[in-house]
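**Student:** need a structure here:
(one chain, ligands or ions: 1)
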Amino acid sequence: MGVVMRTDPAAVASDTREHLFISWSAQAALTPLVITGAQGAWLHADDRKILDFSSGLICVNIGHGHPKVIRAIQEQAAKLQYVTPSFGEESRATLSRLIAEVTPGDLTKTLFTTGGSEANEHAIKIARLYTGRHKILTQWRSFHGQSQGAMTLGGDNRRWAAEPGITGVVHFLNADPYRSLFGADAQKALAHVEEVIWYEGPQHIAGILLEPIVGTSGLIIPPPGYFEGLRTLCDKHGILLMVDEVMTGFGRTGKWFGIENWPGVFPDILTFAKGVNSGYVPLGGVTVSAKIAKHFDDNVLWAGSTYSGHPLACAAGVATIEAYREEGLIERSARLGASLLKDLQGLAARHPSIGEVRGKGLFIGIDLVKDRATREPLERWNNPMSPLANALKNELMKRNVYAFCRWNMIFVAPPLVSTAEDLAFGVKAIDETLAVADRYAATGAL
Ligand SMILES: Cc1ncc(COP(=O)(O)O)c(C=O)c1O
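**Tutor:** This is a model prediction of the structure:
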């Protein structure tokens with residue numbers, strides 16, 4: 001007899017409440033909605049349909065229920081379910097080749113993981129082994145995952161719970177054109193990074209690790225010239241340039257990878273997860289340049305895990321990358337993203353709480369402020385509680401739209417397969433919901 005799955009939402013809700021931790025939350029006040037299915041850009045809660053305007057946790061790039069990916073998982077499950085990582089296996093070999101094909105520069109060899117945090121853990125290990133140096137520089141406004149090392153790499157308040165964390169991680173200030181000491185001046189931001197390099201001792205720094213476009217820590221897009229300058233600084237000091245493409249990878253920003261928004265800049269190490277197979281089966285990885293790969297021809301790669309290159313996850317990855325190519329989804333992200341950005345920016349005329357709407361491709365952030373002139377965030381960054389974000393989330397859900405909200409930000413990152421009608425539905429809900437933010441900015445009341 002097969003496994004009996006219950007579809008009684010009340011039972012699911014009760015089991016969830018009694019036996020399941022919900023991440024990053026105090027548990028008592030939570031009443032998670034039970035999702036019973038999903039298709040394209042829409043979540044189903046029985047008969048209720050909710051627009052998934054954040055692609056889950058900004059991972060379901062290909063949309064829910066993609067038949068090609070489902071079939072690939074089913075066929076792989078019927079053929080071969082698990083193979084020890086030291087054996088060859090078709091799905092993981094093919095996916096590693098496809099990743100070498102779609103990533104920028106000469107990134108060529110991949111170590112697979114089960115997610116983005118683990119990918120970043122391995123990335124810093126590889127950088128340390130390759131360079132013989134210990135320190136890693138990262139940005140304060142950043143997120144790199146939930147494991148001990150990855151949390152130390154991150155800069156926002158999620159790091160505090162993991163402190164004292166791992167050794168050798170040093171943070172620097174983001175090149176944030178909207179709200180930083182450097183404004184849109186890439187050279188000033190780069191001078192700051194170089195000063196930090198000198199204070200820390202370049203000969204001790206293995207790598208600089210950063211998200212090309214910062215994700216949940218504020219959707220920050222560095223100015224033109226920034227990554228070019230970082231590449232030069234890294235080359236000058238023998239430091240590796242490492243990009244965390246866990247969120248920005250696989251079409252999210254309208255390019256295959258976020259770093260390609262700075263054409264001609266090639267990283268030494270790239271980490272990925274999420275969009276590699278759209279979250280259908282847990283998968284991440286770290287991909288390195290040819291010269292780093294060669295180093296491990298004769299030096300042991302001290303990394304690995306039971307599930308590295310899991311066939312079900314890799315088969316889903318192969319099918320997802322094929323679908324991105326066959327359906328032109330990367331170009332679609334750029335095209336839809338440009339018009340969605342314009343529509344969302346248009347809301348600023350009606351909503352004084354909008355400070356800025358910025359984004360690339362289908363990766364857009366609405367930055368809410370108390371006052372447009374001062375750009376003071378509408379909710380203090382790093383606040384342990386997020387009353388505004390919770391209120392916005394609830395208002396959106398009343399209108400059957402799910403979007404990731406945090407502090408003073410609404411993140412709009414729909415699946416790349418969304419239709420123009422889907423996007424218009426989401427924009428209308430955001431327009432109506434922003435009345436809450438306007439009131440909060442004007443009166444302090446939610
Ligand atoms: C930029 C970035 N890096 C790393 C991670 C961690 O990935 P995972 O949750 O798969 O461990 C995330 C998760 O959201 C992320 O956004």
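**Student:** so how many other residues sit close to whatever residue of the chain ends up closest to the ligand?
**Tutor:** At 2.4 Å from the ligand, residue 116 is the closest residue in the chain, using CB to the nearest ligand atom. For the C-beta atoms, the positions are set from N, CA and C on the backbone; glycine is no exception. By the criterion of other CB atoms under 10 Å, residue 116 has 30 neighbours.
**Student:** so how far is stretch 224-241 from its chain's centroid?
**Tutor:** How far stretch 224-241 lies from its chain's middle: 22 Å, per CA atoms, centre = their mean, to the nearest Å.
**Student:** For that stretch, give me every contacting residue.
**Tutor:** If you take CB atoms under 8 Å, 6 or more residues apart in numbering as the criterion, stretch 224-241 is touched by 127, 130-131, 137, 175, 186-187, 189-190, 193-194, 197, 202-203, 205-208, 210, 212, 259, 262, 264-269, 292.
**Student:** Contact residues of the chain facing the ligand?
**Tutor:** 57, 115-117, 120, 143-146, 211, 215-216, 244, 246-247, 273, 284 (CB under 6 Å from any ligand atom).
**Student:** I'd assumed residue 155 was in a strand, is it?
**Tutor:** No: assigned with DSSP: H, G, I helix; E, B strand; the rest coil, residue 155 falls outside any strand and is coil.
**Student:** Neighbours of the residue lying closest to it once chain neighbours are set aside, how many?
**Tutor:** Nearest residue to residue 155, sequence neighbours excluded (CB to CB, 6 or more residues apart in numbering): residue 140, at 3.7 Å. Neighbour count for residue 140, taken as other CB under 10 Å: 15.
**Student:** Isn't residue 140 up against residue 153?
**Tutor:** No: the criterion here is CB atoms under 8 Å, and residue 140 misses it with residue 153 at 11.0 Å.
**Student:** Which of the residues in stretch 341-360 are classified as buried?
**Tutor:** For stretch 341-360, burial by neighbour count (16 or more other CB atoms under 10 Å) applies to 341, 343-345, 348, 351-360.
**Student:** now do stretch 114-128
**Tutor:** Under 16+ other CB under 10 Å, the buried positions of stretch 114-128 are 114-128.
**Student:** Now, those that are in helices?
**Tutor:** Residues of the buried residues of stretch 114-128 located in helices (DSSP state H): 116-128.
**Student:** Need the contact partners of the longest helix seen in the chain.
**Tutor:** Counting residues, the longest helix found in the chain (DSSP H) is helix 420-443. With CB under 8 Å, 6+ apart as the test, helix 420-443 has contacts from 40-42, 51, 53, 336, 339-340, 343-344, 347, 350-354, 366, 368-371, 378, 388, 391-392, 395-396, 399-401, 403, 410, 412, 414, 445-446.
**Student:** Neighbouring strands of the lengthiest strand in the chain in the sheet, and parallel or not?
**Tutor:** Ordering each strand of the chain by length in residues (DSSP state E) puts strand 363-371 first. Within its sheet, and counting by DSSP bridges, strand 363-371 is paired with strand 354-360 (antiparallel), strand 376-377 (antiparallel), strand 409-412 (antiparallel).
**Student:** Any chance of JSON lines for these, columns mean pLDDT and distance to residue 424?
**Tutor:** JSON lines is the format used below for these (pLDDT from 0 to 100; distance: least, CB to CB, whole Å):
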{"stretch": "strand 354-360", "mean pLDDT": "98", "distance to residue 424": "16"}
{"stretch": "strand 376-377", "mean pLDDT": "97", "distance to residue 424": "28"}
{"stretch": "strand 409-412", "mean pLDDT": "98", "distance to residue 424": "13"}
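**Student:** Distance to residue 238 for those strands - can I get that in a markdown table?
**Tutor:** As requested, the strands paired with strand 363-371 are exported to a markdown table (distance: least, CB to CB, whole Å):
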| stretch | distance to residue 238 |
| --- | --- |
| strand 354-360 | 30 |
| strand 376-377 | 38 |
| strand 409-412 | 36 |
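**Student:** In the stretch 201-350 of the chain, what residue spans correspond to helices?
**Tutor:** Along the stretch 201-350 of the chain, counting by DSSP state H, counting those that start in this stretch, helices occupy 226-237, 290-298, 311-326, 329-346.
**Student:** looking at the ones you listed, which is buried most?
**Tutor:** Highest mean neighbour count among these (mean count of other CB atoms under 10 Å): helix 311-326, with a mean of 23.
**Student:** Wait, residue 83 touches residue 312, no?
**Tutor:** No: between residue 83 and residue 312 there is no contact under CB under 8 Å: 10.8 Å.
**Student:** Can you check which residues contact both of those two?
**Tutor:** With CB under 8 Å, 6+ apart as the test, residue 83 and residue 312 reach no residue in common.
**Student:** that older thread, how about the helices of the stretch 201-350 of the chain in TSV, adding distance to residue 439 and mean pLDDT?
**Tutor:** Formatted as TSV, the helices of the stretch 201-350 of the chain follow (distance: least, CB to CB, whole Å; pLDDT from 0 to 100):
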stretch	distance to residue 439	mean pLDDT
helix 226-237	36	98
helix 290-298	53	98
helix 311-326	41	98
helix 329-346	20	98
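**Student:** residue contacts, the nearest residue to residue 72 once chain neighbours are set aside?
**Tutor:** Leaving aside its chain neighbours, residue 72 sits nearest to residue 319 (3.6 Å; criterion: CB to CB, 6+ apart). With contact taken as CB under 8 Å, 6+ apart, residue 319 is in contact with 66, 68, 69, 71, 72, 73, 277.
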